[in-house]
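Engineer: My questions are about this predicted structure, shown below with the sequence.
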Amino acid sequence: MSAAEAATSYDQVFYPGHAFSQTHPDRLATLASLHGITPAPLSGCRVLELGCGVGGNLIPLAYQWPDSDFTGVDLSQRAIGAGLRNVAELGLENIRLLHGDIMELPAEFGAFDYIIAHGVYSWVPPMVRRKILQIFGEHLTLQGVAYVSYNCYPGSHLRNIARDIMQFHVRGVSDPNARIRQGRAALRFVAEASPKGHLYGVVLRDQLERVEKIRDEVLYHDDLDRSAAAFLFHQVVEEAEAHGLQYLSEAEFSDWRLHGYADEIMNVLERIPETEVVAREQYLDFLECRTFRRTLLCRQEVVLNRRIELEAIRNYHFAAALTPASRDINPFDESITEFRTETGESMSTDHCLSKAAILHLAEAWPQAMSFEALVEGTLERLGPAASKIKVQLDQEVEALTRVLYNAYAAGAVDLQRHPPPLATAMSERPEASLLARKQSVVGDFVTNLRHGTVYLADESVRTFLQLVDGTRDINTLVADLKRSLENKAPASEAHAANARASGAQVSRETVEQNLRLLSRLALLKA
């Protein structure tokens, strides 16, 4: 696909722009520092995003870190135009969104501490892929981190079966909406007609379920893009090495860990030397049938620490939205307690201090806290009952460290180097993120202050969010929310009745409940 064709397709069908938490510079900095790199602090760093689209990922970062410099480049003039309008609305002066070709990136751009290429590498021609890695090699600072995501094998072999069916069926269709509609229909026909007990049918129906869930724009630019390619992990790393780069880790620490396999498999994997980390990762892809990677790269001259000690995590901040699987929990009950995250991850422990610490983290969510503050706050929370723990505090803290390390490796606890300031207590005049308030005016999805995407389906919640601008106290919020809901232009008499009913139900109690909800969703500024 030529540069002109790429520009036309993305101008014709907008690719949805939103935040990707895996690309956040704090996540990259945390993983880099765990491996012995000294990454740039988030206040005062330079960030480049290749293929930034409308800036859905980059603009929230610029909003959150006003003392840092952000640059985005994209081939779609329409996307850049929309992004620039959003930048102007927010009054941001620390971000540039440039309409241009990655192949023509000027040398005077200088060096960047973090370079992001999400959703680009697999969807551009080979020469552009080489250019992306060249940009990493030439523009990354010595202690910098680059992020690149791509489709990978062996999992993409299964995805390609569905892609082949859909692309064959729409081979003569040019209209985007028709390609999307007919592509899905063709896959549905073949999947439903395939034998129920046959492996091929199982694969097709699994792919149909995936395709039915993704947005039209994503299907158009991913599965229906004839030029999209997948790679074996080691091929990407070898190409990166040719540009002076080396493999650092994946953007999810949990993907780096070896866990969940039978002992005999673990024994084989652990015999692979630490210097052969790429080989080990490739074997893991074969074991897991992996389809997608979010790979971090750094300069070859950096000496990495591949043996991460448990104690290293004590230098970071912790955040977790874990809740116990059972309603009643006693930390001093020595039975195993299971905790679950909002996204389905789980962890279990019978260690008393760890149970109490997890409950303390859950109460503080979405705010992160240092290891010292976590231990101190947990002991204070336990009160006189903590005396047993204090008798052997060193051993107890060591056990807590192990539990938190394993929880981080399993994706149940978040580790942060530079946590954002978030409100966890109600202030006199609460203020929600300006970015989220602006986004809620035009859509149901907003970006929170943890660089995550929040879906606000309820119009009354969106209306309330827009009112929480730091100028209103609780009483004023009650009055203004009641007035706003009652004055909403109804589409029908039924909507008018609902609006009046919603306005009548507004009280100080409901406003305080909504403020607590915004706080839990990481939408309130500290």
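Structural biologist: Ah, there it is.

Engineer: CA only for contacts and neighbour counts going forward, please
Structural biologist: Will do.

Engineer: Can you give me the domain assignment for this structure?
Structural biologist: Per the record, the chain has its domains at 3-152+232-299, 155-221, 310-416, 434-520, by automatic domain parsing.

Engineer: Show me the shaky parts of the chain.
Structural biologist: 1-8, 10-12, 14-16, 254-260, 489-504 (pLDDT under 70).

Engineer: hmm, try it at 50
Structural biologist: 1-6, 492, 494 (pLDDT under 50).

Engineer: Next, the contact list for Ile358, please.
Structural biologist: 320, 322 (CA atoms under 8 Å, 6 or more residues apart in numbering).

Engineer: Swap in 10 Å and give it another go.
Structural biologist: 318-324, 331, 339, 364, 374, 378, 400, 403-404, 413 (CA atoms under 10 Å, 6 or more residues apart in numbering).

Engineer: That one falls within a helix, correct?
Structural biologist: Yes: counting by DSSP: H, G, I helix; E, B strand; the rest coil, Ile358 is located in a helix.

Engineer: So it versus His198, what's the distance?
Structural biologist: 45 Å (CA to CA, to the nearest Å).

Engineer: before we move on, what about Asp333?
Structural biologist: 48 Å.

Engineer: try Arg96
Structural biologist: Arg96 sits 53 Å away from His198, taking CA to CA as the criterion.

Engineer: Of the two, give the one with the bigger neighbour count.
Structural biologist: Remark: of Arg96 and His198, Arg96 carries more neighbours, 21 against 9, as counted by other CA atoms under 10 Å.

Engineer: Give me the helices and strands touching the host helix or strand of that one, please.
Structural biologist: Per DSSP states H and E: Arg96 is located in strand 95-99. For strand 95-99, the packing partners by 3 or more CA pairs under 10 Å, 6 or more residues apart in numbering; DSSP states H and E come out as strand 46-50, helix 58-64, strand 69-74, helix 77-90.

Engineer: Residues contacting that strand, please?
Structural biologist: Contacts of strand 95-99 (CA under 10 Å, 6+ apart): 47-49, 51-55, 58-59, 61-63, 66, 68-81, 83-84, 87.

Engineer: Moving C-terminal from that strand, which element do we reach first?
Structural biologist: Using DSSP H and E, the first helix or strand after strand 95-99 is strand 112-117.

Engineer: tally of neighbours for Gly144?
Structural biologist: For Gly144, the count of nearby residues is 27 (other CA under 10 Å).

Engineer: repeat for Leu284
Structural biologist: 16.

Engineer: how far away is it from Leu297?
Structural biologist: Taking CA to CA, one finds Leu284 at 19 Å from Leu297.

Engineer: for Gln439, same thing?
Structural biologist: Gln439 is 32 Å from Leu297, by CA to CA.

Engineer: Compare these two and say which is more crowded by neighbours.
Structural biologist: Leu297 (26 against 17).

Engineer: Strand partners (parallel or antiparallel) of the strand or helix carrying that one?
Structural biologist: Element membership for Leu297 (DSSP H and E) is strand 292-299. Next to strand 292-299 in the sheet, as set by DSSP bridges, lie strand 140-152 (antiparallel), strand 245-250 (antiparallel).

Engineer: Centre of the chain to that strand, how far?
Structural biologist: With CA atoms, centre = their mean, to the nearest Å as the basis, strand 292-299 stands 15 Å off its chain's centre.

Engineer: Repeat that for stretch 37-55.
Structural biologist: 15 Å.

Engineer: what's the span of that stretch from first residue to last?
Structural biologist: 28 Å.

Engineer: ditto for stretch 59-71
Structural biologist: Terminal residues of stretch 59-71 are spaced 10 Å apart (CA to CA).

Engineer: Now do the buried residues in that stretch.
Structural biologist: 59-66, 68-71 (16 or more other CA atoms under 10 Å).

Engineer: Would you reformat the strands paired with strand 292-299 as JSON lines and include distance to Asp222?
Structural biologist: Listed next are the strands paired with strand 292-299 as JSON lines, based on distance: least, CA to CA, whole Å:
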{"stretch": "strand 140-152", "distance to Asp222": "10"}
{"stretch": "strand 245-250", "distance to Asp222": "22"}
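
Engineer: Nearest to Pro39, out of those strands?
Structural biologist: Of all these, strand 140-152 sits nearest to Pro39, with 5.3 Å by CA to CA.

Engineer: buried residues in the next helix or strand after the closest one?
Structural biologist: Proceeding N to C from strand 140-152, the next assigned helix or strand is helix 155-169, under DSSP H and E. By neighbour count on 16+ other CA under 10 Å, the buried set for helix 155-169 is 155-156, 158-160, 162-163, 165-167, 169.

Engineer: Kindly report the same for stretch 218-226.
Structural biologist: 218-225.

Engineer: Give me the distance from it to the chain's centre.
Structural biologist: On CA atoms, centre = their mean, the centre of stretch 218-226 falls 21 Å from that of its chain.

Engineer: now do stretch 285-302
Structural biologist: 17 Å.

Engineer: same check, this time on stretch 132-140
Structural biologist: Worked out by CA atoms, centre = their mean, stretch 132-140 lies 23 Å from the chain centre.

Engineer: go on, stretch 243-255?
Structural biologist: Distance, centroid of stretch 243-255 to centroid of chain: 16 Å (CA atoms, centre = their mean).

Engineer: go on, stretch 423-436?
Structural biologist: Relative to the chain's own centre, stretch 423-436 is displaced by 22 Å; criterion: CA atoms, centre = their mean.

Engineer: that older thread, figure out which of the strands paired with strand 292-299 is closest to Asn448.
Structural biologist: Asn448 lies closest to strand 140-152 among the strands paired with strand 292-299, at 21.4 Å (CA to CA).

Engineer: Could you export that closest one as CSV, CA atoms only?
Structural biologist: Extracted C-alpha coordinates of strand 140-152, given in CSV (Å, rounded to 0.1, in the frame of the first residue of the first chain):
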residue,chain,number,x,y,z
LEU,A,140,16.1,7.7,21.2
THR,A,141,18.1,9.1,24.1
LEU,A,142,20.8,6.8,25.7
GLN,A,143,18.4,5.9,28.5
GLY,A,144,15.3,6.1,26.4
VAL,A,145,12.5,3.6,25.8
ALA,A,146,10.7,2.8,22.5
TYR,A,147,7.3,1.0,22.3
VAL,A,148,6.2,-0.8,19.2
SER,A,149,3.1,-3.0,18.9
TYR,A,150,2.4,-5.6,16.2
ASN,A,151,0.5,-8.7,15.2
CYS,A,152,2.6,-11.8,15.8
